[in-house]
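Colleague: need a structure here:
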Amino acid sequence: STRAGCPTTTVRAGTSRSTIAPAPTNASSPISTPGSRMAAPPTPEPDPDELRAAVRERWERGAAGWRARNDRFQRATMPVSRWLVEAIEPQPGQRVLELAAGLGEVGFLAAELIQPGGTLISSDGAEAMVEAARARAAERGVDGVEHRQLELEWIDLSAASVDAVICRWGYMFALDREAALRETRRVLRPGGRLALATWVDPARVPFGAIPRQALVDSGLVDGFDTGGPGMFDLADAAELRGLLDEAGFMDVVLDELLVTFSYADLDDFWAMTADLSRPFGDVVATLDERQTADLRERVAAAVEPFAVPGGDGALSVPGVALVAAASA
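Modeller: A predicted model of the protein is given here:
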């Protein structure tokens with residue numbers, strides 16, 4: 001997948017070493033004391049179907065930005081893409097499924113290796129992403145590709161119907177990650193391979209954490225959590241291993257890979273972030289001049305440690321991906 005941009009853990013930005021800060025606790029105590037009023041009931045949990053619809057709508061709107069920034073994103077993240085493709089051990093004639101594929105670039109790398117006779121199913125939950133991947137496959141002349149709109153949590157494919165599954169930065173956006181991994185296991189043939197990527201904790205992914213933390217610090221959003229699944233929701237390696245074990249996967253291998261995003265200057269960082277992160281871009285679009293200036297100042301201070309020496313404002317901002325591979 002080419003997903004990014006919805007953090008859920010708080011990071012203090014603006015120093016060369018970002019540190020995890022505890023999330024604020026604003027909930028009232030449900031226990032009353034003598035003479036006090038009974039605390040208000042807790043806020044009800046959002047409806048899962050409404051939340052899924054909101055997440056899907058965000059990705060539908062985000063497709064244009066991902067198309068515009070696709071080449072740069074793929075160059076920066078190629079170490080992860082190569083790791084995932086190698087981990088599924090593609091062979092000619094195989095049937096490979098890419099979930100949350102975005103523009104489909106990782107699957108397209110695998111598609112070349114499963115010919116002759118192989119089939120890549122390039123899928124995403126957002127129709128606009130599916131269409132963008134279809135156009136990208138045509139541009140690249142990739143053969144043997146089927147394009148499907150598929151959800152992570154209920155994959156509309158027969159049991160044991162694919163030889164391998166790739167999902168780059170997708171599972172953390174599933175509301176029910178356990179169900180998504182069980183479904184993945186269901187559609188894989190016995191011995192089939194899964195390769196996936198998530199992000200580690202926000203302190204080590206400043207390209208994604210800095211913009212959100214700047215919104216928090218400027219008072220433009222209530223907290224680091226966007227109110228839905230986010231890019232740091234599968235940052236813990238032990239949790240990920242546990243989910244894979246529970247879903248029935250074997251021979252789980254975990255690793256971390258460094259990726260680095262290069263920007264010409266602050267304006268470039270700002271514009272690319274707004275294109276790739278709808279939660280950031282949507283807020284920025286509503287700001288007046290004063291709010292925009294304040295937010296830019298905070299972002300500038302936070303990215304300053306990542307300035308390229310002698311680079312005339314150029315930035316090199318890293319992120320660490322958590323990658324995993326397993327057998328069905």
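Colleague: Chain neighbours aside, what residue packs nearest to R134?
Modeller: H147 (4.7 Å; CB to CB, 6 or more residues apart in numbering). Placement of C-beta: from N, CA and C, glycine included.
Colleague: for this protein, what's the longest helix?
Modeller: As assigned by DSSP state H, the longest helix anywhere in the chain is helix 48-76.
Colleague: who does that helix touch, helix- and strand-wise?
Modeller: helix 127-140, strand 250-263, helix 266-276, helix 278-284 (3 or more CB pairs under 8 Å, 6 or more residues apart in numbering; DSSP states H and E).
Colleague: Swap in 6 Å and give it another go.
Modeller: Packing contacts for helix 48-76, counted by 3 or more CB pairs under 6 Å, 6 or more residues apart in numbering; DSSP states H and E, involve helix 127-140, helix 266-276.
Colleague: Pretty sure the residue nearest to R134 sits against S122.
Modeller: Yes: look at H147 against S122 with CB atoms under 6 Å: they come within range, at 5.3 Å.
Colleague: Comparing those two, which residue is more hemmed in?
Modeller: A count of neighbours by other CB atoms under 10 Å puts S122 above the other of H147 and S122, at 31 against 20.
Colleague: Name the residues that touch the helix or strand hosting that one?
Modeller: In this structure, S122 sits in strand 119-124 according to DSSP states H and E. Applying CB atoms under 6 Å, 6 or more residues apart in numbering, the contact partners of strand 119-124 are 95-101, 104, 107, 111, 130, 133, 144-148, 150.
Colleague: Name the SS class of Q91, please.
Modeller: Secondary structure state of Q91, per DSSP: H, G, I helix; E, B strand; the rest coil, is coil.
Colleague: Can you show me the helices along this structure?
Modeller: 48-76, 78-87, 105-113, 127-140, 177-187, 206-217, 237-246, 266-276, 278-284, 289-303.
Colleague: Off-centre distance for the second one?
Modeller: In other words, helix 78-87. Relative to the chain's own centre, helix 78-87 is displaced by 16 Å; criterion: CA atoms, centre = their mean, to the nearest Å.
Colleague: One more: the fourth one?
Modeller: The chain centre lies 19 Å from the centre of helix 127-140; the measure is CA atoms, centre = their mean.
Colleague: can you pull the buried residues of that helix?
Modeller: 128-130, 132-134, 136-137 (16 or more other CB atoms under 10 Å).
Colleague: try stretch 298-310
Modeller: Of the residues in stretch 298-310, 298-299, 302-303, 306-307 count as buried by neighbour count, 16+ other CB under 10 Å.
Colleague: Stretch 280-298 now?
Modeller: Of the residues in stretch 280-298, 280-281, 283-284, 294-296, 298 count as buried by neighbour count, 16+ other CB under 10 Å.
Colleague: Taking those residues, tell me the two that lie furthest apart.
Modeller: Greatest spacing in those, by CB to CB: G281 and D294 (17.3 Å).
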